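Engineer: A structural model of the following input is requested.
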Amino acid sequence: MFEMILLADDGSSVLGNSKKYYIQQNMMSSISSHVDHSDSLGYFIEEHFIMSSIKNKNITGIDSEVGVVLNHAFAASLGCYFMQTNSVTISSPDGVNKVYQDFKYCTNRIAYIPMSYGIIHPKITLAYGIASLNLKQKFSSSYMLIHPSPTLSDPNSQTTNGLIYFQIFKPMVSVEANLMSFIRTSFGIGYSWLWPFDWYAVNKQAATAIEGWEFQFTVSLGVF
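Structural biologist: Alright, predicted model coming up:
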């Protein structure tokens with residue numbers, strides 16, 4: 001990395017003592033210019049398009065995030081995810097099939113963005129918050145024959161277990177690109193862990209079904 005300071009004919013800085021222009025080059029970027037501001041504070045909004053899975057069945061979702069950036073390298077934010085796939089049905093040999101619907105979560109997030117002025121640079125994010133899931137049970141015709149019930153006379157009957165609440169923790173690693181001074185895009189991979197607040201067997205099974213890898217594409221707008 002090297003530094004270039006612009007000087008007037010008399011030897012004084014063109015921009016005065018408070019600001020300097022830098023030209024930065026590193027292994028992951030081409031040359032880009034910026035102004036050095038110590039103790040800078042920026043802000044951003046992001047939209048994440050996420051692909052993950054429930055019991056190996058792919059689902060999609062959208063995550064919206066707002067936050068602040070300190071010194072171009074540290075970010076703190078709040079974001080919420082909403083499952084876009086209508087539902088996922090997991091068949092069971094006993095005829096009691098589980099229907100997963102309306103998975104969503106909101107998390108607080110912190111991120112480290114080294115070499116943020118490079119055209120291409122990494123981003124490391126940790127997220128922690130609360131998630132919820134609407135879990136239903138759908139009874140098959142074979143189950144109805146073995147377990148007749150006047151309240152479950154319809155083979156398509158469903159009983160709702162209600163909302164299940166979890167704690168969620170998700171680390172994420174992304175490769176981010178500066179398209180313009182106020183626009184960034186990134187591709188990332190992360191892993192979600194969930195812990196139900198009520199440790200019933202069905203809740204633990206739901207957490208295990210949702211946990212796993214996810215992939216996301218992100219568009220960011222802001223003053224970074």
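Engineer: C-alpha from now on. contacts and neighbour counts both.
Structural biologist: OK.
Engineer: So what are the sheet partners of the longest strand that the chain contains and their directions?
Structural biologist: Counting by DSSP state E, the longest strand found in the chain is strand 158-180. Its sheet considered, strand 158-180 pairs with strand 120-139 (antiparallel), strand 183-196 (antiparallel) by DSSP bridges.
Engineer: That strand: which residues count as buried?
Structural biologist: Buried positions in strand 158-180, judged by neighbour count with 16 or more other CA atoms under 10 Å: 158, 163-178.
Engineer: Repeat that for stretch 93-102.
Structural biologist: Here stretch 93-102 shows 95-102 as buried, counting by 16+ other CA under 10 Å.
Engineer: I figured Pro196 was touching Phe169, is that so?
Structural biologist: No. Pro196 is not in contact with Phe169 according to CA atoms under 8 Å; the separation is 11.9 Å.
Engineer: Can you check the pLDDT for the nearest residue to Asn71 once chain neighbours are set aside?
Structural biologist: Closest residue to Asn71 apart from its sequence neighbours, by CA to CA, 6 or more residues apart in numbering: Ser40 at 4.8 Å. At Ser40, the model reports a pLDDT of 86.
Engineer: got the contact list for Ser40?
Structural biologist: With contacts defined as CA atoms under 8 Å, 6 or more residues apart in numbering, Ser40 is in contact with 70-72.
Engineer: re earlier: Throw the strands paired with strand 158-180 into a markdown table and include mean pLDDT, distance to Lys57 and mean neighbour count, thanks.
Structural biologist: As requested, these are exported to a markdown table (pLDDT from 0 to 100; distance: least, CA to CA, whole Å; neighbours: other CA atoms under 10 Å):
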| stretch | mean pLDDT | distance to Lys57 | mean neighbour count |
| --- | --- | --- | --- |
| strand 120-139 | 92 | 16 | 20 |
| strand 183-196 | 97 | 16 | 18 |
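Engineer: just for the protein, where's the confidence low?
Structural biologist: 1-38, 94-95, 139-161 (pLDDT under 70).
Engineer: At which residues are the strands of the protein located?
Structural biologist: Counting by DSSP E, the chain has strands at residues 21-24, 32-35, 41-54, 57-70, 74-83, 88-90, 96-112, 120-139, 158-180, 183-196, 212-223.
Engineer: Got the domain ranges for this structure?
Structural biologist: 1-36, 39-223 (automatic domain parsing).
Engineer: looking at it, Gly222 is touching Asn178, isn't it?
Structural biologist: No. Under the criterion of CA under 8 Å, Gly222 makes no contact with Asn178, lying 11.4 Å away.
Engineer: got a winner among the contacts of Ser40 for most neighbours?
Structural biologist: Neighbour counts for the contacts of Ser40, by other CA atoms under 10 Å, peak at His72, which reaches 23 neighbours.
Engineer: Now do the phi/psi pair for that residue.
Structural biologist: phi 70, psi 0 (degrees, to the nearest 10).
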